[in-house]
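S.K.: could you look at this predicted model? Sequence included:
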Amino acid sequence: MSLDIVILAAGQGTRMRSALPKVLHPVAGKPMLGHVIDTARMLSPRKIHVVIGHGAELVRERLAADDINFVLQAEQLGTGHAVAQALPALEAEKVLILYGDVPLTRVETLTRLLEQANDAQLGLLTVNLADPTGYGRIVRDANGVVQAIVEHKDASEAQRAIREGNTGILAVPGKRLGDWLGRLSNSNAQGEYYLTDVIAMAVADGLVVATETAQDEMEVLGANDRIQLSQLECHYQQRMARQLMAQGVTLFDPHRFDVRGEVTVGRDVTIDINVILEGKVVIEDNVQIGPNCVIKDSILRRGSIVKANSHLEGAEVGEGADCGPFARLRPGAKLGAKAHVGNFVELKNAVLGEGAKAGHLSYLGDAEIGARTNIGAGTITCNYDGANKHKTVMGEDVFIGSNSSIVAPVTLGDGATTGAGSTVTQDVPAKALAVGRAKQRNIEGWKRPQKTPK
């Protein structure tokens with residue numbers, strides 16, 4: 001059956017105390033609404049309809065996509081009113097209603113919920129709560145059949161004792177929805193049009209209300225303030241940690257590890273504490289990552305090592321290569337197999353060939369460096385002339401003496417050598433020695449400046 005998904009994302013989120021619309025607050029580096037949209041896409045809907053209100057233009061700007069239809073709710077008059085704004089665009093046989101501030105609902109849970117919905121049946125996602133305060137209560141008859149949902153503010157004392165809470169997530173037959181929304185009333189404590197009143201209407205119309213239960217409360221928790229946002233963040237990170245450990249990753253401390261993107265891992269990977277993985281990260285077999293590393297949009301090939309306090313972005317570390325501690329690999333940095341980058345070395349758009357080494361205290365930008373080449377401490381490639389970037393090319397088995405400045409564009413042939421402290425401004429032929437430094441003078445009898453007495 002065809003599916004439309006409606007995501008309610010119009011709320012202001014006053015308890016966040018922020019100028020940012022609530023649904024744009026991040027969990028794991030991604031807006032909460034972004035998580036919900038990604039989950040919705042995995043259900044292969046005909047269309048995703050996002051109902052926006054507060055901060056509407058910013059929400060559009062951040063999350064616009066071809067498969068999203070944004071619908072404006074100019075006045076926030078309740079969840080039923082919000083869904084009604086999307087009604088003219090709904091054409092599918094089933095409609096799934098989600099919430100932009102409930103980011104951790106599992107695809108598996110929603111798939112089971114959708115299986116409950118058909119022309120004679122409505123699917124309702126519920127959750128069993130230790131403390132149901134604030135939640136609408138699921139009211140059942142003596143046979144356990146759902147009769148209605150009563151909001152907390154409208155519930156009697158007996159109803160408030162019910163532990164089964166409403167998540168608000170519904171899967172409904174599309175052809176019924178318009179009629180139900182048209183019959184909603186705002187005669188309640190909040191003066192709003194509750195979507196939950198649809199349940200009683202469905203029962204009165206002879207439909208069965210079939211329930212699916214969420215795995216745990218965190219799966220359906222919404223973030224109304226920063227405290228709840230932090231709870232969602234912690235739960236997400238623990239979920240990701242368990243998932244990675246199940247795939248063969250050793251995490252030294254799962255509570256001190258963050259994933260803020262999409263991670264693909266091999267077997268026998270070890271990750272020390274305080275590591276952050278962002279964007280799309282690929283980690284192959286037998287990789288070791290030391291403590292306090294940030295790795296973003298990068299590839300770590302089999303057997304590579306990233307030592308403590310290193311920062312990688314848009315980089316590739318080759319098979320058996322290592323970098324750090326305190327290395328920085330910026331976009332376009334690529335280490336060949338068994339290459340080595342040591343402490344306080346920065347690479348930008350630079351490729352180190354197989355077995356090449358840059359041990360310490362160097363900057364290599366816009367450079368192509370051949371196999372087994374050795375870069376001495378304090379070396380920099382002077383790649384920027386103030387207007388344009390220029391490239392340095394070093395062949396294989398080149399030896400760069402310490403404290404060399406390689407002024408691009410320049411090429412050093414295979415086996416070339418530079419003397420320590422040289423400024424190289426011309427091409428160096430293969431196997432030649434380049435010495436580009438001022439002649440030393442020793443001045444006898446020279447006196448150091450003295451401080452002037454006060």
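M.R.: Arrived safely. Everything numeric in this text was worked out from a predicted model, so none of it was measured. Numbers count the residues shown, from 1 in each chain.
S.K.: confidence score at residue 147?
M.R.: Looking at residue 147, its pLDDT is 88.
S.K.: what are the buried residues along the lowest-mean-pLDDT helix or strand in the chain?
M.R.: The weakest-scoring helix or strand in the chain, judged by mean pLDDT, DSSP states H and E, is strand 146-150 (a mean of 88). Neighbour-count burial for strand 146-150 flags 146, 148-150 (criterion: 16 or more other CB atoms under 10 Å). Placement of C-beta: from N, CA and C, glycine included.
S.K.: got CSV for these, with distance to residue 209 too?
M.R.: CSV is the format used below for the buried residues of strand 146-150 (distance: CB to CB, whole Å):
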residue, distance to residue 209
146, 4
148, 9
149, 9
150, 14
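S.K.: residues contacting residue 346?
M.R.: Going by CB atoms under 8 Å, 6 or more residues apart in numbering, residue 346 touches 327-330, 362-365.
S.K.: repeat that for 7 Å
M.R.: Contact analysis of residue 346 by CB atoms under 7 Å, 6 or more residues apart in numbering lists 328, 330, 363.
S.K.: please report how far the last one lies from residue 40.
M.R.: Spelled out, it's residue 363. Separation of residue 363 from residue 40 (CB to CB, to the nearest Å): 45 Å.
S.K.: give me the more crowded residue out of those two.
M.R.: residue 40 (25 against 19; other CB atoms under 10 Å).
S.K.: quickly find the element holding that one.
M.R.: helix 32-41 (DSSP states H and E).
S.K.: give the buried residues for that helix.
M.R.: Buried-residue list, helix 32-41, by 16+ other CB under 10 Å: 32-37, 39-40.
S.K.: what ranges do the helices span in the chain?
M.R.: Assigned by DSSP state H, the helices in the chain fall at 32-41, 56-63, 79-86, 107-116, 157-160, 174-182, 197-204, 226-246.
S.K.: for the fifth one, which helices and strands make contact with it?
M.R.: Using 3 or more CB pairs under 7 Å, 6 or more residues apart in numbering; DSSP states H and E, the elements in contact with helix 157-160 are strand 137-140.
S.K.: one more time with 10 Å, if that's ok
M.R.: strand 137-140, strand 146-150 (3 or more CB pairs under 10 Å, 6 or more residues apart in numbering; DSSP states H and E).
S.K.: same question for the last one.
M.R.: Using 3+ CB pairs under 10 Å, 6+ apart, the elements in contact with helix 226-246 are strand 26-27, helix 32-41, strand 249-251, strand 257-265, strand 269-271, strand 275-283.
S.K.: same thing but 6 Å
M.R.: Secondary-structure packing of helix 226-246 (3 or more CB pairs under 6 Å, 6 or more residues apart in numbering; DSSP states H and E): strand 26-27, strand 257-265.
S.K.: tell me the domain boundaries of the chain?
M.R.: If you go by automatic domain parsing, the domain ranges for the chain are 3-220, 248-434.
S.K.: hmm, back to that, let's have the helices of the chain in JSON lines, adding distance to residue 127.
M.R.: Output for the helices of the chain, formatted as JSON lines (distance: least, CB to CB, whole Å):
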{"stretch": "helix 32-41", "distance to residue 127": "17"}
{"stretch": "helix 56-63", "distance to residue 127": "26"}
{"stretch": "helix 79-86", "distance to residue 127": "17"}
{"stretch": "helix 107-116", "distance to residue 127": "10"}
{"stretch": "helix 157-160", "distance to residue 127": "16"}
{"stretch": "helix 174-182", "distance to residue 127": "23"}
{"stretch": "helix 197-204", "distance to residue 127": "15"}
{"stretch": "helix 226-246", "distance to residue 127": "14"}
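S.K.: so which of the ones you listed is the most surrounded?
M.R.: With neighbours defined as mean count of other CB atoms under 10 Å, the helices of the chain peak in mean count at helix 79-86, which reaches a mean of 24.
S.K.: show residues contacting the least confident helix or strand of the chain.
M.R.: 136-137, 139-141, 159, 166, 196, 199-200, 203, 209 (CB atoms under 6 Å, 6 or more residues apart in numbering).
S.K.: the nearest residue to residue 189 once chain neighbours are set aside: how many residues sit nearby?
M.R.: Among residues not flanking residue 189 along the chain, residue 153 sits closest, at 4.4 Å (CB to CB, 6 or more residues apart in numbering). By other CB under 10 Å, the residues close to residue 153 number 10.
S.K.: and what of residue 255?
M.R.: 10.
S.K.: need the pLDDT of it.
M.R.: Confidence at residue 255, expressed as pLDDT, is 96.
S.K.: and it, what is it in contact with?
M.R.: Residue 255 touches nothing, counting by CB under 6 Å, 6+ apart.
S.K.: quick one: it from residue 242, how far?
M.R.: Taking CB to CB, one finds residue 255 at 12 Å from residue 242.
S.K.: ditto for residue 248
M.R.: The gap separating residue 248 from residue 242 is 13 Å, by CB to CB.
S.K.: same check, this time on residue 291
M.R.: Applying CB to CB to residue 291 and residue 242 gives a distance of 21 Å.
S.K.: kindly report the same for residue 143.
M.R.: 38 Å.
S.K.: try residue 327
M.R.: Applying CB to CB to residue 327 and residue 242 gives a distance of 30 Å.
S.K.: shouldn't residue 241 be in contact with residue 252?
M.R.: No. With contact defined as CB atoms under 6 Å, residue 241 does not count as touching residue 252 (11.0 Å).
S.K.: wait, residue 372 sits on residue 353?
M.R.: No. Here residue 372 does not reach residue 353: they are 7.4 Å apart, not a contact under CB under 6 Å.
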